[in-house]
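>>> build the 3D model from these lines:
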Amino acid sequence: MINDNLNISTIETYLDKIIKGKVSKNVFAGTLPNTISDDTKDLVLIDCGNAINDLDAYGKGTVNIFLYARPTANGRKNVAQLSKMEKAMNNVIDESNDDRYALAQLYKATDYDTALNWHYIIVALNLIIR
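I've put the predicted structure just below:
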């Protein structure tokens, strides 16, 4: 049986709805924009690049949420902004309550995007789809 809740676009729309305005006002699905305004201090990337498995009774997959923060004026990692975003993302996960989707954090990791020259934290989510 086809379950539209397994559609990547439906998952991205749901995640955008619960993240935008809480973690950042700048939320993107799939890819980052080609240009980023100089006054943009943070952004979120929703990455549904991993497989979403259809297990008949339910679906399951991993979604990566990238929390990006522009470096400080001297180029250092903006730990304060990333901490704020990380705490907001924790609240989004804790408060997520949907008949279709259940979210649980799998792990977190951090890195530096050399193309964008911004630091980020990855929040990997286990997604169960009803």
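>>> low-confidence ranges in this protein?
Scanning the chain for pLDDT under 70 picks out 1.
>>> in this structure, which spans are helices?
For the chain, applying DSSP state H gives helices covering 8-19, 79-95.
>>> quick one: which of those is nearest residue 38?
Across the helices of the chain, residue 38 has its closest neighbour in helix 79-95 (15.5 Å, CB to CB). Where C-beta positions appear, they are placed from N, C-alpha and C, glycine not excepted.
>>> okay, buried residues for that closest one please.
Using 16 or more other CB atoms under 10 Å as the test for burial, helix 79-95 gives 81-82, 84-86, 88-89, 92.
>>> that one packs against which elements?
Helix 79-95 sits against helix 8-19, strand 42-47, strand 59-69, strand 101-113, strand 118-129, with contacts defined as 3 or more CB pairs under 8 Å, 6 or more residues apart in numbering; DSSP states H and E.
>>> which stretch among the ones you listed comes nearest residue 77?
Residue 77 sits nearest to strand 118-129 of all the helices and strands packed on helix 79-95, at 4.5 Å, using CB to CB.
>>> that closest one: which residues count as buried?
Quick answer for strand 118-129 (16+ other CB under 10 Å): 118-121, 123, 125, 127, 129.
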